[in-house]
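Enquirer: for reference, the sequence and a predicted model appear below.
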Amino acid sequence: METDNLTKQAEEVEALSSIYCEDWITESEASRSYCIRIEENKNEVKLYVTMPEGYPGQAPPKYELSAPWMDRKAKEQMHNALDEVYLEYIGEAVVFQWVEKIREILQKYKPQETEKKEVKPAAIESLDLTLLDINCPDITHGEVIVDRKSSFQGHAAEVHSLEDVNAVLAKLRQNKKILHATHNMYAYRIERKTAKGVSMLQDCDDDGETHAGGRMLHLLQILDTKNALVVVSRWYGGIQLGPDRFRHINNATRQVLIQAGLLKK
């Protein structure tokens, strides 16, 4: 049965790579991990898929969605839609159906909806944070990295829900120094285990530092970090750092994950 599953996987991968061409990326042949880029109306979603040995006959594929422009409610709806598709095709190859379902959902969005899309929770901005007694996970604050008068500091917390994410972000903004940082970039990944399988809820925010949030999220993916939120605060010192700023952001991210005990060995 295992050989039969692997044969079906190989056939599915060959068909998908032919269908999606340059939008199909093999992340790792050893772990059978792949990425499919789906774009409709200038809206882009990346679907990351890993095929376990039992897929498709006995187990579902593991998947993650990356769509930083999409709000959390819409992303939850997309997760639910993919779970429903799997149940409809249970025991069969399902990745093509997933990609087309995502494409169908994206067709409902207008291109201008992605312009200046605010990813951070809107409710946080309208609250008087100094009056809040926020119950949130423990937050670890990393060491400060200083380069040419700019300072970078990472903050990390273990999170298991969007409520945890919102609570940590709100708690950090109670600190006036963090609140008035030039940028507060963040990324998170939350593993969801249900009877239907395993999926990953993930998102990021640049907070004005273009591509920073996406790089942080990519680092979390590479490190296979789960159930973690990382925020990196940057205080601009008046001297442009060029690409070095991304190195400091990555170092601050990794350092605080280690300090918080959230980095897998």
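Expert: Arrived safely.
Enquirer: which parts of this protein are helices?
Expert: Listed in chain order, the helices of the chain (DSSP state H) span residues 2-20, 72-88, 95-106, 122-125, 162-173, 176-179, 212-222, 244-260.
Enquirer: weakest of the ones you listed by average pLDDT?
Expert: For the helices of the chain, mean pLDDT drops lowest on helix 122-125, to a mean of 36.
Enquirer: related to what we said a few turns ago, could the helices of the chain be laid out in JSON lines, adding mean neighbour count and distance to Q153?
Expert: Quick note: C-beta positions are derived from backbone N, CA and C, even for glycine. Formatted as JSON lines, the helices of the chain follow (neighbours: other CB atoms under 10 Å; distance: least, CB to CB, whole Å):
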{"stretch": "helix 2-20", "mean neighbour count": "14", "distance to Q153": "41"}
{"stretch": "helix 72-88", "mean neighbour count": "15", "distance to Q153": "26"}
{"stretch": "helix 95-106", "mean neighbour count": "18", "distance to Q153": "36"}
{"stretch": "helix 122-125", "mean neighbour count": "11", "distance to Q153": "19"}
{"stretch": "helix 162-173", "mean neighbour count": "20", "distance to Q153": "11"}
{"stretch": "helix 176-179", "mean neighbour count": "12", "distance to Q153": "8"}
{"stretch": "helix 212-222", "mean neighbour count": "20", "distance to Q153": "14"}
{"stretch": "helix 244-260", "mean neighbour count": "19", "distance to Q153": "6"}
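Enquirer: can I get those helices in CSV including distance to A30?
Expert: CSV is the format used below for these (distance: least, CB to CB, whole Å):
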stretch, distance to A30
helix 2-20, 13
helix 72-88, 24
helix 95-106, 18
helix 122-125, 41
helix 162-173, 32
helix 176-179, 41
helix 212-222, 15
helix 244-260, 24
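Enquirer: indicate which one of these is closest to R189.
Expert: helix 212-222 (5.2 Å; CB to CB).
Enquirer: give me the angle between the closest one and helix 244-260.
Expert: With axes from the mean of the first three to the mean of the last three CA atoms, to 10 degrees as the basis, helix 212-222 and helix 244-260 are set at 50 degrees to each other.
Enquirer: how about T182, phi and psi?
Expert: phi -60, psi -40 (degrees, to the nearest 10).
Enquirer: quick check: it vs T253, distance?
Expert: Remark: distance between T182 and T253 (CB to CB, to the nearest Å) = 17 Å.
Enquirer: still on that earlier bit, ok, which of the helices of the chain comes nearest D138?
Expert: helix 244-260 (8.4 Å).
Enquirer: now the closest one, how far from the centre of its chain.
Expert: 17 Å (CA atoms, centre = their mean, to the nearest Å).
Enquirer: also stretch 88-98?
Expert: 23 Å.
Enquirer: again with stretch 69-76
Expert: For stretch 69-76, the distance to the chain centre is 11 Å (CA atoms, centre = their mean).
Enquirer: Y188 against A228, yeah?
Expert: Yes - between Y188 and A228 there is a contact under CB atoms under 8 Å: 6.5 Å.
Enquirer: tell me which of these two has more neighbours.
Expert: Between Y188 and A228, counted using other CB atoms under 10 Å, the more crowded position is Y188 (27 against 23).
Enquirer: check contacts around the more buried one.
Expert: Taking CB atoms under 8 Å, 6 or more residues apart in numbering, we find Y188 in contact with 159, 165, 202-204, 220, 228-230.
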